[in-house]
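In: Fold the following, please.
(2 chains)
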Amino acid sequence: MEGLLALASGVLYAAGIYLILRRRLAQLIIGLGLLSNGTNLLIFAAGGLTRARPPVVPDGANALMDRYADPVPQALVLTAIVIGFGLLAFSLVLAHRVHATAGSDDIDDVGRER
Amino acid sequence: MRLLVLPILVPLTTAAVLILAPKRPNPQRWISLIGSVLLLTSAVLVFLRVNAAGVQVLQISAWPAPFGITLVADLFAAFLVVAVGLVGTAVAGVTFSGLDPRREAFGYHPLVQILLMGVAGAFLTGDLFNLYVWFEVMLVASFVLLALNRTRAQMDAAFKYVAINLIASSIFLTALGLLYGATGTLNMAHLARVWPTMSTSGFDTVLAVLFLIAFSIKAGLFPLFFWLPASYHTPPAAIGAVFAGLLTKVGVYALVRVFTLLFHNAPPPLFTLLLVMSAATMVIGLVAALYERDFRRVLSFNLVGHIGYTTASLSLLTPAALAGAIFYVLHHIVVITNLFLVSSVLLRLRRTTDRAGLGGIYRDHPVFSVLAMVPLFSLAGVPPLSGFLGKLAILKGTFDAGAYWVGGLVLVVGLLTLLSMGRTWADTFWRPADTADLAAPGMPSLIVIAALSLVTLAMTIGAEPLFELVSRGAQQLLHRDEYVNAVLGGLR
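Out: Here you go, the predicted model:
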């Protein structure tokens, strides 16, 4: 399972970086989204995968004794998803305004004076 | 110590009040000025406490250290938080001499406060993931501030700035994920204790390079700085002042933090890499500054070049060099903020900061010119001003560490800065010109510039006690025990 996640994360990174190197605004933004999702998967996988063992203390016990899934990476990923979502939404709006201002979605055209 | 949360809470409250307050200029300006002064006051209180009683720690909600979020202030962080308050107050002050009304109605003031909160939070946090979150807070605010206008140049700048910063954040987050996977903690003090026992040199290098790339983008180190001069001169100069004064310094701070706490045992080539990057930053930044003709672009490239001074000193990891770096960062925050504010006055006087439209300022405004002279020549490193003292300290640090070629480079770059600033001074203030002023300079701006110039003079006159403090700060950074024990207490 770790191997699969690592592979998926790697593919997302590669696709993200490829898209970031394109000049179109939309592709760049999709690339950024893929990159941040690749990172999220990486954090999730790096924290270790434990199946079907929630970190909940059972009745009658004081602490978790057995192996359990580490909740911290999940909390980290959740935070990162929320932040990434907000930033992605912002950059979409920004790209829209850039397009409206410059009349082009080629990033090199935007800086050039008409 | 509960006080530690104030530099974060005060700007947050101010921003909330500003959003609720009437959107007319006067209430907005006064509230943000009062809020910024309160921020400065709380920062000074934190500083005094850290100075008197050593590293201060606040465990949020009383969760003990590696489990909860920790706020920590050592001398370096406390110094920088005071600088945040100072820059915030200065920028709130200059809005009194006028601002684009649309911008002001669309939330300029609350955004600046959120930005200040993000920066203060980044300086105070003791947790790497929390640092990432503060980075994002600061970035979102800066994105909106940069994009609050629809001119083509500004759109271009904003988009590049957003894209490069999102990439940097992703790299930072990747490093965090790998680090957590290896150690199971992201508390910086805990990492400082755990990491040396479990790091292997290969993994150490991978992580250190990831952090280096992420923070170098934020700090603006060669070859990752090209976004900075492309964006910092486009927004109004007051926003440029906050960005220039604080944002790159957060990158420098993060570099200092991870390299002193986590990677001080990293393989030496890593430090050589940082040193070479810093050296290239200094030279290329200043050569580019000489090529530029626009006052604000000259400043942007000077900003880039001088970041190299501090990171070059960091890469040596000796007490003298680090003390020089801290001194230089503080001097640079005050001076570069002040110069961007000077450029805002120039912009008001002549509607441009390009060489062609400037000149004759000394003839028309002798008082303003003398005020502007202090930061200009301090940045140039003219004795006895604070820039000279900072450079002297860094020079001494590099020579003591045996890095003679870096020392030589610092001298050469110092000369280039002198050339760049001297020419800027001659072009802007001395050169005769028949262009007439389009508006008055604005009294509030002049008062703020005078106040910041006074701070520079105070740093010059009080250099000896200040230097003692930064030396202690450097010792704290290098002898991690005080920081680590303050956060973790007796925990093993």
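
In: count of neighbours near residue B:184?
Out: 15 (other CB atoms under 10 Å in any protein chain shown). C-beta coordinates here come from the backbone N, C-alpha and C atoms, glycine included.

In: Correction: the previous question concerned residue B:468.
Out: Residue B:468 has 11 nearby residues by other CB under 10 Å.

In: what's the helix or strand harbouring it packed up against?
Out: Element membership for residue B:468 (DSSP states H and E) is helix B:463-478. With contacts taken as 3 or more CB pairs under 8 Å, 6 or more residues apart in numbering or on different chains; DSSP states H and E, helix B:463-478 sits against helix B:75-94, helix B:248-261, helix B:319-350, helix B:386-400, helix B:481-488.

In: With just CA atoms, put the second one into PDB.
Out: Output of helix B:248-261 as PDB, limited to C-alpha atoms (Å, rounded to 0.1, in the frame of the first residue of the first chain):
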ATOM      1  CA  THR B 248      12.100  38.300   2.800                       C
ATOM      2  CA  LYS B 249      13.300  38.500   6.400                       C
ATOM      3  CA  VAL B 250      10.800  35.800   7.300                       C
ATOM      4  CA  GLY B 251      12.600  33.500   4.800                       C
ATOM      5  CA  VAL B 252      16.000  34.500   6.300                       C
ATOM      6  CA  TYR B 253      14.600  33.800   9.800                       C
ATOM      7  CA  ALA B 254      13.300  30.400   8.800                       C
ATOM      8  CA  LEU B 255      16.700  29.600   7.300                       C
ATOM      9  CA  VAL B 256      18.500  30.600  10.400                       C
ATOM     10  CA  ARG B 257      16.100  28.600  12.600                       C
ATOM     11  CA  VAL B 258      16.300  25.300  10.700                       C
ATOM     12  CA  PHE B 259      20.100  25.600  10.100                       C
ATOM     13  CA  THR B 260      21.000  26.400  13.700                       C
ATOM     14  CA  LEU B 261      18.500  24.000  15.300                       C
END
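
In: how big is the angle separating the following helix or strand past that helix from helix B:248-261?
Out: The helix or strand immediately downstream of helix B:248-261 is helix B:268-291, counting by DSSP H and E. Between helix B:268-291 and helix B:248-261, the angle comes out at 160 degrees (axes from the mean of the first three to the mean of the last three CA atoms, to 10 degrees).

In: Distance from the next helix or strand along the chain from helix B:268-291 to the middle of the chain?
Out: Scanning forward in sequence from helix B:268-291 by DSSP H and E, the next helix or strand is helix B:295-316. Distance, stretch centre to chain centre, for helix B:295-316: 11 Å (CA atoms, centre = their mean, to the nearest Å).

In: Export helix B:295-316 to CSV, keeping only CA atoms.
Out: Provided in CSV are the C-alpha atoms of helix B:295-316 (Å, rounded to 0.1, in the frame of the first residue of the first chain):
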residue,chain,number,x,y,z
PHE,B,295,14.5,54.2,-7.8
ARG,B,296,12.2,51.4,-6.6
ARG,B,297,13.8,48.8,-8.8
VAL,B,298,17.3,49.9,-7.5
LEU,B,299,16.0,49.3,-4.0
SER,B,300,14.5,45.9,-4.9
PHE,B,301,17.9,44.7,-6.2
ASN,B,302,19.7,46.2,-3.2
LEU,B,303,17.3,44.3,-1.0
VAL,B,304,18.1,41.1,-2.8
GLY,B,305,21.8,41.7,-2.7
HIS,B,306,21.9,42.4,1.0
ILE,B,307,19.9,39.3,1.9
GLY,B,308,23.1,37.6,0.7
TYR,B,309,25.1,39.2,3.5
THR,B,310,23.0,37.7,6.2
THR,B,311,22.8,34.2,4.7
ALA,B,312,26.5,34.2,4.0
SER,B,313,27.1,34.9,7.7
LEU,B,314,24.7,32.2,8.6
SER,B,315,26.5,29.6,6.5
LEU,B,316,29.6,30.1,8.6
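
In: For chain A, what lies in contact range of chain B?
Out: Those residues of chain A that sit near chain B, judged by CB under 8 Å from any CB of the partner chain, are A:20, A:25, A:28, A:32, A:35-36, A:38-39, A:42-43, A:45-48, A:70, A:72-73, A:76, A:79-80, A:83, A:86-87, A:90-91, A:94-95, A:97-98, A:101-102, A:107, A:110-111, A:113.
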